[in-house]
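> kindly return the folded structure for what I paste below:
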Amino acid sequence: MIKIKIGILVMMLLLTSTLSVVGNINNNVPPTISIETPNDNDWIGGPLNHVLNISGIVNDTDGTVVSVKLWLNNDSCEWLNATIDGENWYYSWDSAEVYDKDKYIIYAKAIDNNGEEGYDQVTISIDNTPPMVYFKQPEFGRVYIGGSYRPLLSVLTGDLTLVIGSIPVLVEAIDLDMDPRNPPDHGEDVIDNVILCYDNTDISMIRDYNNRCWAHTISGLSLSYHKIQARATDSLGNVGYSETINFFFFCLFTH
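A predicted model of the protein is given here:
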């Protein structure tokens, strides 16, 4: 009888010890992780900031964080290893070769020494597409006198663009990823600037809000052939170029 009681007591002690260990494992607190940069809904890309430094904070109150992994919503769905430095972690990612994507999710996962996991995520947008740029005025095969288009004379001159006096140059620049009439959150103006280059001279164009374009008036050039091209830069540094227009400038002198 005594042996039976001792056996039962040993079994109870073993069961209690096992339940205690299981309880400790089940009570393990998962690690916490946060993404500090980039911010949620940030826009990235372009030559200015295509290298994105992803960073954050990680912590485990009852254990040790052994790894931080990132999933960048890419085609391979591969978890990437971030670098841990104390409670900080970071990873550098080059978005230059990423196709433009309206919404791009960054997932961060922390794993502790007991295999528990913690998660965080942010959503960003990527824009590596240059703006589309084209001339509204002047056009190929047109004659402008005092800035006005003369259709009858254009028939006579064929494909030649002839400018007599002066001419307002109008350029439209559009960011291909966004509607220019509804600017996104990352900037009030999608297009930062438009530069007019004529005869290798750069001139900053002025935004014409009424005509939804950029404007500059050319006048006083020499009696000869000239060429103009426009380039536009968006808020992320992507640069787009227009076609080049060659025209003949003829100035009327009055006495």
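> which ones are touching K103?
Going by CB atoms under 8 Å, 6 or more residues apart in numbering, K103 touches T123, I124, S125. C-betas here are computed from N, CA, C, even on glycine.
> those, buried ones only, as a PyMOL selection?
In PyMOL, selecting the buried portion of the contacts of K103, with burial taken from 16 or more other CB atoms under 10 Å, looks like this:
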select buried, resi 124+125
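> can you tell me which of the contacts of K103 are in helices?
Using DSSP state H, no member of those falls within helices.
> show me which of the contacts of K103 is closest to D62.
D62 lies nearest to T123 out of these, by CB to CB, at 30.9 Å.
> dig out what the closest one forms beta bridges with.
With DSSP bridges as the criterion, T123 is bridged to I105.
> from here on, call the first residue 37.
Sounds good: first residue 37 from here, last item T159.
> tell me how far it lies from V207.
Computed as CB to CB, to the nearest Å, the T159 to V207 distance reads 34 Å.
> got it, and V226?
V226 is 15 Å from V207, where distance means CB to CB.
> picking up where we left off before, want to throw the contacts of K139 into JSON lines with pLDDT and distance to V101?
Compiled in JSON lines, the contacts of K139 are given as follows (pLDDT from 0 to 100; distance: CB to CB, whole Å):
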{"residue": "T159", "pLDDT": "91", "distance to V101": "24"}
{"residue": "I160", "pLDDT": "88", "distance to V101": "24"}
{"residue": "S161", "pLDDT": "84", "distance to V101": "30"}
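> give me the element A132 is part of.
A132 belongs to no helix or strand when elements are defined using DSSP states H and E.
> count residues in the vicinity of it, would you?
11 (other CB atoms under 10 Å).
> same deal with L259?
Considering only other CB under 10 Å, L259 is surrounded by 8 other residues.
> who touches G82 in this structure?
D163, N164, D270, L272, G273, N274.
> what bridges to the third one?
What it means is D270. The residues that D270 bridges to, once DSSP bridges is applied, are I227.
> stretch 247-264: which residues count as buried?
By 16+ other CB under 10 Å, the buried positions in stretch 247-264 come out as C249, W250, A251, H252, I254, L257, H262, I264.
> among those residues, which two are most distant?
C249 and L257 (21.6 Å).
> from the contacts of G82, list the buried ones, please.
Buried among the contacts of G82 by 16+ other CB under 10 Å: D163, N164, D270, L272, G273, N274.
> and the residues you listed as JSON lines, adding distance to P83, secondary structure and pLDDT?
Converted to JSON lines, the buried ones among the contacts of G82 look like this (distance: CB to CB, whole Å; DSSP: H, G, I helix; E, B strand; the rest coil; pLDDT from 0 to 100):
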{"residue": "D163", "distance to P83": "11", "secondary structure": "coil", "pLDDT": "82"}
{"residue": "N164", "distance to P83": "9", "secondary structure": "coil", "pLDDT": "82"}
{"residue": "D270", "distance to P83": "11", "secondary structure": "strand", "pLDDT": "88"}
{"residue": "L272", "distance to P83": "8", "secondary structure": "coil", "pLDDT": "84"}
{"residue": "G273", "distance to P83": "5", "secondary structure": "coil", "pLDDT": "88"}
{"residue": "N274", "distance to P83": "7", "secondary structure": "coil", "pLDDT": "89"}
